[in-house]
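Trainee: Any chance you could fold what I've pasted below:
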Amino acid sequence: MSELQLGLLGIGALVVVGVLAYNKLQEARLKRQSEEVFGSRHDDVLLGGKGAPGRPSGSTERVEPTLSPAPGEISAVSGMLDPGIDFIAMLETRNAVAGEAISTAIVDSLANPAKAVCWEGCNRQTASWEPLDAAGEYELLRAGLQLADRKGAASQQDVSDFSAMVQAVAEAVGASCTLAQPAAALQRAQQLDALCADVDVQIGLNLIARGGAVPGTRIRALAEAHGLVLEHDGRFCRRDETGLELYGLCNMEAPAFSAEGMKALATTGLTLLFDVARAPGGIAAFDRFVEFTRALAEALSARIVDDNRQPLDEAALAKIRAQLQALYASMEQQGIPAGSPLALRLFA
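Mentor: Residues are numbered from 1 along each chain as shown. Prediction:
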C-alpha cells in the first residue's frame with residue numbers, strides 16, 4: 001500500500017475510536033441525569049419496604065380495602081324479590097344509611113302503587129338480601145313492584161308511580177338509582193296475568209250423604225284421623241310440614257265449623273277444596289286430595305258430586321286430572337311451580 005493509503009486508514013481508525021468514546025461519555029451523562037430526575041429515596045410502598053408510610057419499620061402486613069358486595073356477589077337465593085314477577089329498582093349509596101332513615105324516606109315519598117311493593121337491603125356480613133330493618137345500615141337497596149296478582153296485571157300507571165317512589169327515596173338518602181326497562185316489565189305483567197287466568201283454579205268436590213244428616217262429631221273424628229285440623233276460618237285443613245295448605249274441608253251448608261258447635265252440628269253435605277296454584281306438590285298433591293275425598297265418601301256413605309250436584313265418576317275425575325297436568329306444566333315452564341314462594345305471592 002502507498003503511504004497515502006496507510007495515512008488515510010490510520011485517520012479513519014482514529015475517527016471510529018473517537019466516535020465510540022464520545023458515545024460512551026454521552027451515555028454515562030444521560031444515565032446520571034435520569035437517576036437525578038426519576039430516582040426516589042423512599043422504599044416502594046407497594047412492596048412493603050421499610051419506608052412505607054403509616055406502618056412500623058419491618059412490617060409485612062398487607063391491608064386490604066373493605067367494600068360492600070356488588071349486586072352480582074350477593075346470594076342469588078336470598079330475599080323475596082324475583083325478576084320473574086317483580087319490576088326491580090337498585091339503589092346504591094356512598095356511605096351506609098340507617099334503615100330508619102330509609103323507611104322515613106319511603107313514607108315521605110307519598111307514593112302508593114296499586115300493586116304490592118317490597119323493599120330489601122343487603123346485609124354486608126352475610127352478603128344476602130334481607131327485609132329492610134329500621135335498626136340496620138345499608139349501602140345497597142332494592143325495591144320491587146309485583147307485576148301481577150289475582151286482581152290483574154300491573155298497569156303503566158303502577159310502574160310510573162313505583163318509579164317516582166324509588167327516585168324520591170334515592171334522592172332523599174343520597175343514592176344512585178337503576179331501574180329495569182318499563183316496557184319489558186309491562187310485557188311480563190301481561191304474561192303473568194295470562195298465566196294467572198289459566199291456572200287460578202280452585203277445585204271443589206262435594207259429598208252428599210245418602211242416609212241423612214251426618215253428625216259433626218263424626219266429621220271431626222274422620223277429619224282429624226286423616227291429619228286435618230280445625231282452623232279459625234271454620235274449615236278443617238290439611239297442611240304439609242312447612243305449614244302450606246294441601247286441601248280443606250268445610251260445611252256445604254251454614255254454619256261454618258267451630259270447636260264449640262261440632263257436637264250440636266249435623267249436615268247433609270260437605271265440600272272439599274283444592275287450590276291448584278297454591279297447593280305444593282303438583283299432580284301428586286291432587287291425587288292425595290282425591291284419595292282423601294274417596295275415603296271420606298266411603299266412611300260417610302256419601303256421593304261425590306259437582307257444584308250442580310251431578311255425580312263425579314272415575315272418568316270425570318280422570319278428565320280433571322289430565323287438565324291439571326297441563327296447567328302444572330305451564331307453571332313449570334314459567335318458572336313458577338305450584339306452591340312455590342312465587343306462586344304463593346302471585347295467587348295471594
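
Trainee: Counting neighbours, what do you get for Asn344?
Mentor: For the record, residue 344 is Leu, not Asn. Per other CB atoms under 10 Å, the neighbour tally for Leu344 reads 15. Quick note: C-beta positions are derived from backbone N, CA and C, even for glycine.

Trainee: Could you find the closest non-adjacent residue to it?
Mentor: Excluding the flanking residues, the one nearest Leu344 by CB to CB, 6 or more residues apart in numbering is Arg278, at 6.1 Å.

Trainee: Was I right to think that neighbour contacts Tyr247?
Mentor: No - using CB atoms under 8 Å as the test, Arg278 is too far from Tyr247 to be in contact (10.5 Å).

Trainee: gap between Pro215 and Thr268?
Mentor: Going from Pro215 to Thr268 by CB to CB, to the nearest Å gives 11 Å.

Trainee: Next: Glu130.
Mentor: From Glu130 across to Thr268, the span is 51 Å (CB to CB).

Trainee: Contacts only, for Asp287.
Mentor: By CB atoms under 8 Å, 6 or more residues apart in numbering, the contact list for Asp287 reads Arg321.

Trainee: check which helix or strand covers it.
Mentor: helix 283-300 (DSSP states H and E).

Trainee: before we move on, what about Ile106?
Mentor: According to DSSP H and E, Ile106 maps onto helix 99-108.

Trainee: helix or strand right after that helix?
Mentor: Defined by DSSP H and E, the subsequent element after helix 99-108 is strand 117-123.

Trainee: contacts for that next one?
Mentor: So strand 117-123 is in contact with 68-69, 74, 79-81, 86, 99, 102, 106, 128-133, 136, 138-146, 162, 165, going by CB under 8 Å, 6+ apart.

Trainee: Setting aside sequence neighbours, what's the nearest residue to Pro341?
Mentor: In this structure, Pro341 finds its nearest non-sequential neighbour in Met80, 7.1 Å apart by CB to CB, 6+ apart.

Trainee: Can you tell me the SS state at the one you found?
Mentor: coil (DSSP: H, G, I helix; E, B strand; the rest coil).

Trainee: can you tell me how far it sits from Ser128?
Mentor: When Met80 is compared with Ser128 (using CB to CB), they lie 12 Å apart.

Trainee: Pull the distance from stretch 260-277 to the chain's centre.
Mentor: Distance of stretch 260-277 from the chain centroid (CA atoms, centre = their mean, to the nearest Å) equals 37 Å.

Trainee: buried residues in it?
Mentor: Met262, Leu265, Thr267, Gly269, Leu270, Thr271, Leu272, Leu273, Phe274, Asp275, Val276, Ala277 (16 or more other CB atoms under 10 Å).

Trainee: mind exporting that stretch as CSV, just the C-alpha atoms?
Mentor: Listed in CSV are the C-alpha atoms of stretch 260-277, where the atom choice follows Å, rounded to 0.1, in the frame of the first residue of the first chain:
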residue,chain,number,x,y,z
GLU,A,260,-117.9,-25.3,70.2
GLY,A,261,-120.5,-26.2,67.6
MET,A,262,-119.3,-29.6,66.3
LYS,A,263,-121.2,-31.5,69.0
ALA,A,264,-124.6,-30.0,68.1
LEU,A,265,-124.0,-29.7,64.3
ALA,A,266,-125.4,-32.1,61.7
THR,A,267,-125.1,-31.6,58.0
THR,A,268,-126.1,-33.4,54.8
GLY,A,269,-123.3,-32.0,52.7
LEU,A,270,-119.5,-31.3,52.8
THR,A,271,-117.2,-29.5,50.4
LEU,A,272,-113.6,-30.4,49.9
LEU,A,273,-111.4,-27.6,48.4
PHE,A,274,-108.2,-27.8,46.5
ASP,A,275,-106.3,-24.6,45.4
VAL,A,276,-104.4,-25.7,42.3
ALA,A,277,-101.8,-22.9,42.3
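
Trainee: tally of neighbours for the residue nearest to Leu344?
Mentor: Count around Arg278 with other CB under 10 Å applied: 19.

Trainee: Could you report the pLDDT at it?
Mentor: For Arg278, the model assigns a pLDDT of 97.

Trainee: In contact with it, which residues?
Mentor: Leu244, Glu245, Ala338, Gly339, Ala343, Leu344, Phe347.

Trainee: and the nearest residue to the fourth one once chain neighbours are set aside, what element?
Mentor: Looking back up the chat, that one is Gly339. Distances taken as CB to CB, 6+ apart place Pro280 nearest to Gly339, at 2.6 Å, with adjacent residues excluded. Take DSSP H and E as the rule and Pro280 turns out to sit in neither a helix nor a strand.

Trainee: these two touch, right, Pro280 and Leu244?
Mentor: Yes - checked against CB under 8 Å, the pair Pro280 and Leu244 is within contact range at 5.2 Å.

Trainee: Give me the buried subset of the contacts of Arg278.
Mentor: Taking 16+ other CB under 10 Å as the criterion, what is buried in these is Leu244, Glu245, Ala338, Gly339, Ala343, Phe347.
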